[in-house]
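Asks: Sequence first, then the predicted structure:
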Amino acid sequence: MDEAYGVISLLAEQNKTLVTAESCTGGLLGALLTEVPGASKVYLGGIISYAYALKEQCLGVSHDLLEEKGAICPEVAVQMAQGARQRLQADFALSVTGNAGPGTDPLNPNVGEIYIACSHKGGTQVKGLDLRGNRQENRETACKECLSLLFDALRVIEKGEI
């Protein structure tokens, strides 16, 4: 995936590090990043947190938020990214949480509803996605969108705007 090459190159140029916090993509984002030769210089690793308990324990996501809204909301994506960046001590963190399909749960019934976030010292950007593909397509699109979100943040930093 060209996006992964692009972000790995920019991270290396800027001497920055990256971690990931994934739910519905189940490690696909990390896999795409580690396919890039030299990724180990900037990609530290990630946490796959499918269960609420792991989101809370490993990433610091609020128990009350998860109980109230479920895992599929912008606030959870933000807390996942911020928690990963702080706890894993990286310059950037990407998170993804959502329903890739085909099943649903009572709190989050919308297949294709996915939230991504990018956290860095300048703040955290979050984006909602409304995807209509099958499970694999939704997961791949979410990863591509995560990488685009990071690429945009890196370009802003490169220009000195953050």
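Replies: Everything's here; your move.

Asks: Report how many residues lie close to residue 126.
Replies: 18 (other C-beta atoms under 10 Å). C-beta coordinates here come from the backbone N, C-alpha and C atoms, glycine included.

Asks: helix, strand or coil for it?
Replies: Using DSSP: H, G, I helix; E, B strand; the rest coil, the structure places residue 126 in strand.

Asks: Bridging across strands, which residues link to the spatially most central residue of the chain?
Replies: In the chain, the centroid-proximal residue (C-alpha atoms, centre = their mean) is residue 95; its distance is 1.9 Å. Bridge pairing for residue 95 (DSSP bridges) gives the partners residue 21, residue 117.

Asks: in the longest helix along the chain, what's buried?
Replies: In the chain, taking DSSP state H as the definition, the longest helix is helix 135-158. Neighbour-count burial for helix 135-158 flags 138-151, 153-154, 157 (criterion: 16 or more other C-beta atoms under 10 Å).

Asks: Which strands and helices lie in contact with it?
Replies: Helix 135-158 makes packing contacts with helix 2-14, helix 28-34, strand 92-98, strand 113-120, strand 123-130 when contacts are defined by 3 or more C-beta pairs under 8 Å, 6 or more residues apart in numbering; DSSP states H and E.

Asks: Between those, which one is closest to residue 77.
Replies: strand 113-120 (3.8 Å; C-beta to C-beta).

Asks: by how many degrees do that closest one and helix 135-158 diverge?
Replies: Strand 113-120 and helix 135-158 are oriented at 30 degrees to each other (axes from the mean of the first three to the mean of the last three C-alpha atoms, to 10 degrees).

Asks: Give me the contacts around strand 113-120.
Replies: 24, 72-74, 76-78, 80-82, 84-85, 91-100, 124-131, 138, 142, 145-146, 149-150, 153, 157, 162 (C-beta atoms under 8 Å, 6 or more residues apart in numbering).

Asks: excluding its backbone neighbours, what's nearest residue 147?
Replies: Counting by C-beta to C-beta, 6 or more residues apart in numbering, residue 147 lies nearest to residue 3, which is 3.8 Å off, once chain neighbours are set aside.
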